[in-house]
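[1] For reference, the sequence and a predicted model appear below.
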Amino acid sequence: MWPMMHPGSRSPKLCDVMLHSARHVQAVLAGRSLSDSLVDTPAAMRPAVQAVSFHVMRRLGLVTELRRLMVKRPPADPLFDALLRVALALLETALAAGDAQSVQTDTASHEPVYAVYTVVDQAVRAAHAMPAYKNLLNACLRRYVRERKVLNTLAIKNPEARWNFPAWWGRALRRAYPQDWQTLLMQLNQPAPMTLRINRRQTSIETVSAALTQAAMAHRLCGPSTLTLMQPRPVVQIPGFDAGWWSVQDASAQLAAQWLAPRNGERVLDACAAPGGKTTHLLELADIHVWALDSDAQRLTRVWQNLERLRLVSDDRPQNVTLKCADAAQLQHWWDGQPFDAVLADVPCTASGVVRRHPDVRWLKREEDVVRTAAQQRRIVDALWQTVKPGGRMLYASCSIFPEEGEMQAQHFARNHTDARRMPASGQILPVQDASNADASNLPPGDGFFYALFVKQGKGAS
Ligand SMILES: C[S@@+](CC[C@H](N)C(=O)[O-])C[C@H]1O[C@@H](n2cnc3c(N)ncnc32)[C@H](O)[C@@H]1O
């Protein structure tokens with residue numbers, strides 16, 4: 001959970017954390033991804049700065065509208081403008097926690113919750129280098145403390161402030177899920193669970209569970225090879241990381257390898273493979289030869305690192321992985337003409353299904369990105385289908401909840417490929433609680449995903 005500030009402790013000072021977060025918020029508002037921007041944070045401050053920055057991303061609609069209500073003209077200094085929004089986001093949470101006198105931690109949601117006076121004091125300190133704005137900052141925060149209810153009531157008349165998503169997300173989800181769109185928006189604004197996939201070639205779920213218990217890390221078993229930590233941790237603190245006992249992978253993402261169901265001896269293509277979450281899962285499940293392809297050379301290096309950490313490549317299993325860097329749609333640049341038994345097309349998408357893990361994505365994507373990304377996905381899967389052998393299968397996967405990247409895409413593919421027979425698979429998975437599953441009821445739901453499975457008919461198919 002959030003490191004609290006104790007006098008004399010080595011936790012970073014909140015004023016420094018706020019200033020760093022403000023720089024990241026400013027970067028996102030200028031179009032840079034938060035994970036790229038966070039790389040610039042000193043290591044010792046990174047967990048705290050990331051937690052506060054994520055928190056602000058989940059409240060950016062509200063605090064932007066509050067800022068508009070209190071400061072008629074946007075401040076000329078974009079760093080100050082971002083700092084004001086960081087401070088308002090923390091202040092809103094502190095006031096909502098209802099206790100202005102003591103520091104609190106919200107262990108259920110892992111949110112940074114500070115006392116009101118701490119937020120105001122530290123924000124003003126953070127503005128030290130901006131003397132022209134210090135009084136304005138102080139005045140806004142004190143006004144918000146006094147008039148929070150009235151200001152919030154006014155602010156949430158704006159749907160972006162109400163839902164903390166750009167208006168087009170609300171419209172798109174309402175169109176797609178007229179019954180559930182509000183629940184969905186609220187769920188998408190929660191922190192995501194940390195789920196581990198156990199590498200059964202190296203260990204068992206019982207061994208990992210016992211090691212976690214010994215390390216006092218509360219967790220729940222969610223399947224034969226899946227467990228969820230009740231509190232996310234840096235991977236290096238969790239027993240078994242270096243030994244390759246497990247990978248961090250959401251429960252919805254773990255379904256890909258299960259639907260593709262690799263069998264010993266098969267030749268399998270993972271066409272958009274980096275950083276290798278699904279490549280490694282496929283290799284854990286069966287003795288296959290995998291081609292791992294990705295157009296991003298830097299991301300592709302992480303596939304190899306993961307294969308090595310999980311002990312999935314070794315001298316004993318020499319030829320089981322081929323890495324290729326190329327555009328999957330340009331077969332002439334990478335394919336040797338030998339068809340594959342199974343192809344995984346985990347296509348690039350808007351990442352709308354994993355917005356809990358990347359809360360900046362909503363502020364970076366534009367409505368037109370959905371159509372543009374869907375066209376790119378069609379280009380990729382049309383090419384990949386040619387590499388599937390008759391009787392072979394292709395799993396289309398996307399971590400999106402927009403139908404344009406899911407069901408509409410699958411139907412378009414089926415219409416345009418008469419040799420494709422659609423087989424049962426999950427279809428659209430929404431990141432909402434499964435009310436019928438009592439066991440899962442106090443665990444956060446898995447990510448939003450879409451799966452469609454096709455088998456190729458024709459000469460040679462059995
Ligand atoms: C959803 S991510 C894949 C995640 C990966 N399957 C995993 O489980 O770890 C999509 C990947 O597609 C890659 N990509 C984007 N366009 C591509 C293209 N035209 N050809 C091949 N890979 C592409 C991106 O670099 C990115 O790594």
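    Received the coordinates, thanks. Numbering: from 1, shown residues only.
[2] Identify the residue spatially nearest to the residue nearest the centre of the chain, adjacent ones excluded.
    The chain has R357 as the residue nearest its centroid, 2.9 Å off, counting by Cα atoms, centre = their mean. Counting by Cβ to Cβ, 6 or more residues apart in numbering, R357 lies nearest to A192, which is 4.7 Å off, once chain neighbours are set aside. (Glycine included, C-beta is placed from N, CA and C.)
[3] hmm, back to that, from E407, how far out is the residue nearest to the centre of the chain?
    As judged by Cβ to Cβ, to the nearest Å, R357 and E407 stand 23 Å apart.
[4] close enough to count as contact, E284 and L307?
    No - with contact taken as Cβ atoms under 8 Å, E284 and L307 are classed as non-touching, separated by 10.6 Å.
[5] Up against the ligand, what does the stretch 151-300 of the chain have?
    Within the stretch 151-300 of the chain, the positions adjacent to the ligand are C272, A273, A274, P275, G276, G277, K278, L293, D294, S295, D296, R299 by Cβ under 6 Å from any ligand atom.
[6] Quick check on those: which are buried?
    Neighbour-count burial (16 or more other Cβ atoms under 10 Å) is assigned, among those, to C272, A273, A274, P275, G276, G277, K278, L293, D294, S295.
[7] which of the residues you listed lies closest to L453?
    The nearest member of these to L453, counting by Cβ to Cβ, is K278 at 14.2 Å.
[8] What is the burial count for N416?
    In terms of burial, N416 registers 12 neighbours under the definition other Cβ atoms under 10 Å.
[9] ok now do it, which residues does it touch?
    By Cβ atoms under 8 Å, 6 or more residues apart in numbering, the contact list for N416 reads D382.
[10] Please repeat the previous calculation with a cut-off of 10 Å.
    Taking Cβ atoms under 10 Å, 6 or more residues apart in numbering as the definition of contact, the neighbours of N416 are R378, V381, D382, W385.
[11] if we can go back for a sec, joint contacts of E284 and L307?
    In the contact map built from Cβ under 10 Å, 6+ apart, the residues linked to both E284 and L307 are G244.
[12] quick one: which helix or strand includes P424?
    P424 belongs to strand 420-429 when assigned by DSSP states H and E.
[13] contacting residues for whatever residue of the stretch 51-200 of the chain ends up closest to the ligand?
    Proximity of the stretch 51-200 of the chain to the ligand (Cβ to the nearest ligand atom) peaks at R197, 10.8 Å away. If a contact means Cβ under 10 Å, 6+ apart, then R197 has 205, 223, 225-227, 246-251, 253-254, 257, 277, 280-281, 284, 310 as its contacts.
[14] Just the ones of these in helices?
    Applying DSSP state H to the contacts of R197, the entries found in helices are I205, A257, G277, T280, H281, E284.
[15] Farthest pair within those residues?
    The largest distance within the ones in helices among the contacts of R197, taken as Cβ to Cβ, falls between I205 and G277 and amounts to 18.1 Å.
[16] Angles on the backbone of the nearest residue to K456 once chain neighbours are set aside, please.
    Leaving out its chain neighbours, the residue that sits closest to K456 by Cβ to Cβ, 6+ apart is V388, at 4.8 Å. Main-chain dihedrals, V388, degrees, to the nearest 10: phi -90, psi 130.
[17] residues touching V388, list them.
    L269, P339, F340, D341, A342, V343, M394, D419, A420, F454, V455, K456.
[18] That one bridge partners, please.
    Note on V388: beta-bridge partners F340, judged by DSSP bridges.
[19] roughly how far apart are it and V268?
    Relative to V268, and taking Cβ to Cβ, V388 is found at 11 Å.
[20] and for those two, which residues touch both?
    With Cβ under 10 Å, 6+ apart applied, the overlap between the contact sets of V388 and V268 consists of F340, D341, A342, V343.
[21] what about this structure, any weak spots by pLDDT?
    For the chain, the stretches flagged by pLDDT under 70 are 1-10, 99-110, 315-318, 435-442, 460-462.
[22] Quick one: the strands in it, in order.
    194-198, 219-223, 226-229, 246-248, 267-270, 289-294, 321-325, 340-346, 388-398, 420-429, 449-456 (DSSP state E).
[23] got the ones you listed as TSV, with distance to A139 columns?
    Output for the strands of the chain, formatted as TSV (distance: least, Cβ to Cβ, whole Å):
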stretch	distance to A139
strand 194-198	40
strand 219-223	46
strand 226-229	42
strand 246-248	44
strand 267-270	56
strand 289-294	51
strand 321-325	54
strand 340-346	50
strand 388-398	47
strand 420-429	47
strand 449-456	46
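[24] near the ligand, which residues of the stretch 301-450 of the chain show up?
    Within the stretch 301-450 of the chain, the positions near the ligand by Cβ under 6 Å from any ligand atom are D327, A328, A329, D346, P348, I380, C399.
[25] The last one contacts Q377, correct?
    Think C399. No - under the criterion of Cβ atoms under 10 Å, C399 lies out of contact with Q377, with a separation of 11.9 Å.
[26] any common contacting residues for the two?
    Taking Cβ under 10 Å, 6+ apart as the contact definition, C399 and Q377 share the neighbouring residues V347, P348, C349, E405.
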